[in-house]
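Participant: Structure for the following, please:
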Amino acid sequence: MSLRLDGKVALITGAAGGMGRTAAKLFATEGAKVVIADLTERAGEEAAEEITSAGGQAAFVRTDVSKAADVEAMVRFAVQKFGGLHVLYNNAGIFHAEDGGTVETTETIWDRVIDINLKGVWLGCKYGIPVLVRSGGGSIINVASFVALMGAATPQIAYTASKGGVLSMTREIAIEYARKGIRANALCPGPIETPLLKDLLSDPQRRARRLVHIPIGRFGQAEEIAQAALWLASDESSLMTGAALVVDGGITAAYVTPE
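Facilitator: I've put the predicted structure just below:
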């Protein structure tokens with residue numbers, strides 16, 4: 001049985017931990033040469049070492065996705081290290097504790113969230129797409145969220161706006177580059193059981209309020225999102241572009257009314 005990403009170079013931002021690190025390990029087991037881009041150096045180096053120790057190929061590059069020079073250097077590193085780029089997984093993102101309602105959220109918080117969650121994805125595409133084209137085409141996976149399709153039950157205006165922007169931007173990129181061998185899709189997770197979510201929902205009552213909205217009755221696991229990303233990265237999804245792959249335990253199905 002052939003490996004699903006055999007011979008492909010995959011660049012994953014925010015891959016030092018959480019969903020990104022889980023995806024990096026999975027992609028490597030499926031034959032990809034993985035570039036781990038993250039701001040956290042120690043964890044990033046450890047993630048790369050974990051993959052190489054298991055027989056895979058990976059390398060870490062320190063990257064602040066909100067800075068154009070860093071993102072340009074990140075893409076250049078991928079080419080210098082592994083010879084090209086076939087999968088661009090723009091996964092890096094933040095959820096700021098002070099991101100709240102429209103009136104209460106400060107401009108500083110707004111700018112920080114948008115810079116990483118939206119601008120960072122755009123910069124990844126800006127510098128990654130020319131290399132994808134030169135490498136013969138490939139797959140772009142941009143992490144949006146189920147809140148890109150519906151309003152969040154708890155106010156988080158900057159995060160929700162950033163993820164809605166990612167979804168819209170992904171659709172436009174898909175159209176622009178469809179005839180150049182590039183597919184672009186938005187991955188829209190529901191609440192995932194990460195250390196960040198555990199901290200945000202450490203109060204049992206707050207956690208229960210979130211769970212009641214999920215028809216499947218539980219939070220998602222990082223491995224489940226990684227499997228969805230793997231499918232988008234692989235040639236198995238060759239007809240899919242400009243779409244939102246929603247992996248949310250049924251939340252949007254329960255609350256979003258089709259037009």
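Participant: Do you know the pLDDT at residue 199?
Facilitator: pLDDT, residue 199: 68.
Participant: typo on my end, it should be residue 47
Facilitator: Residue 47 is given a pLDDT of 98.
Participant: what about the nearest residue in space to residue 40 that is not next to it in sequence, neighbour count?
Facilitator: Excluding the flanking residues, the one nearest residue 40 by C-beta to C-beta, 6 or more residues apart in numbering is residue 16, at 4.5 Å. Bear in mind the C-beta positions are built from the backbone N, C-alpha and C, glycine included. Neighbour count for residue 16, taken as other C-beta atoms under 10 Å: 25.
Participant: From residue 145, how far off is residue 16?
Facilitator: 20 Å (C-beta to C-beta, to the nearest Å).
Participant: For the helix of greatest length in the chain, name the packing helices and strands.
Facilitator: Assignment by DSSP state H gives helix 157-177 as the longest helix of the chain. Contacts defined by 3 or more C-beta pairs under 8 Å, 6 or more residues apart in numbering; DSSP states H and E place helix 157-177 against helix 107-114, helix 120-134, strand 138-143, strand 182-189.
Participant: Can you show me the CA trace of stretch 209-224 as PDB?
Facilitator: This file holds the C-alpha atoms of stretch 209-224, laid out as PDB (Å, rounded to 0.1, in the frame of the first residue of the first chain):
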ATOM      1  CA  ARG A 209     -22.700  24.800  28.300                       C
ATOM      2  CA  ARG A 210     -20.400  24.300  25.300                       C
ATOM      3  CA  LEU A 211     -21.100  20.500  25.200                       C
ATOM      4  CA  VAL A 212     -24.800  21.000  25.100                       C
ATOM      5  CA  HIS A 213     -24.500  22.600  21.600                       C
ATOM      6  CA  ILE A 214     -22.600  19.600  20.100                       C
ATOM      7  CA  PRO A 215     -25.000  16.900  18.800                       C
ATOM      8  CA  ILE A 216     -22.300  14.200  18.900                       C
ATOM      9  CA  GLY A 217     -22.000  14.900  22.600                       C
ATOM     10  CA  ARG A 218     -18.200  15.400  22.900                       C
ATOM     11  CA  PHE A 219     -15.400  17.700  21.900                       C
ATOM     12  CA  GLY A 220     -13.200  16.600  18.900                       C
ATOM     13  CA  GLN A 221      -9.700  15.200  19.100                       C
ATOM     14  CA  ALA A 222      -6.700  16.600  17.400                       C
ATOM     15  CA  GLU A 223      -6.200  13.300  15.600                       C
ATOM     16  CA  GLU A 224      -9.600  13.700  13.900                       C
END
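Participant: before we move on, the earlier item: out of the helices and strands packed on helix 157-177, the one nearest residue 33 is which?
Facilitator: strand 138-143 (13.0 Å; C-beta to C-beta).
Participant: ok, that closest one: who's next to it in the sheet?
Facilitator: strand 87-90 (parallel), strand 182-189 (parallel) (DSSP bridges).
Participant: distance between it and the chain's centre?
Facilitator: Taking C-alpha atoms, centre = their mean, to the nearest Å, the mean C-alpha location of strand 138-143 is offset from the chain mean by 8 Å.
Participant: what sits up against it?
Facilitator: 8, 19, 85-91, 93, 121, 125, 128-129, 132, 166-167, 169-170, 173, 181-187, 189, 229, 232-234, 237 (C-beta atoms under 8 Å, 6 or more residues apart in numbering).
Participant: how about low-confidence regions in the stretch 101-250 of the chain?
Facilitator: 196-202 (pLDDT under 70).
Participant: List the contacts of residue 185.
Facilitator: Per C-beta under 8 Å, 6+ apart, neighbours of residue 185: 139-142, 170, 174, 232, 237, 240-245.
Participant: most centrally placed residue in this structure?
Facilitator: residue 91 (2.3 Å; C-alpha atoms, centre = their mean).
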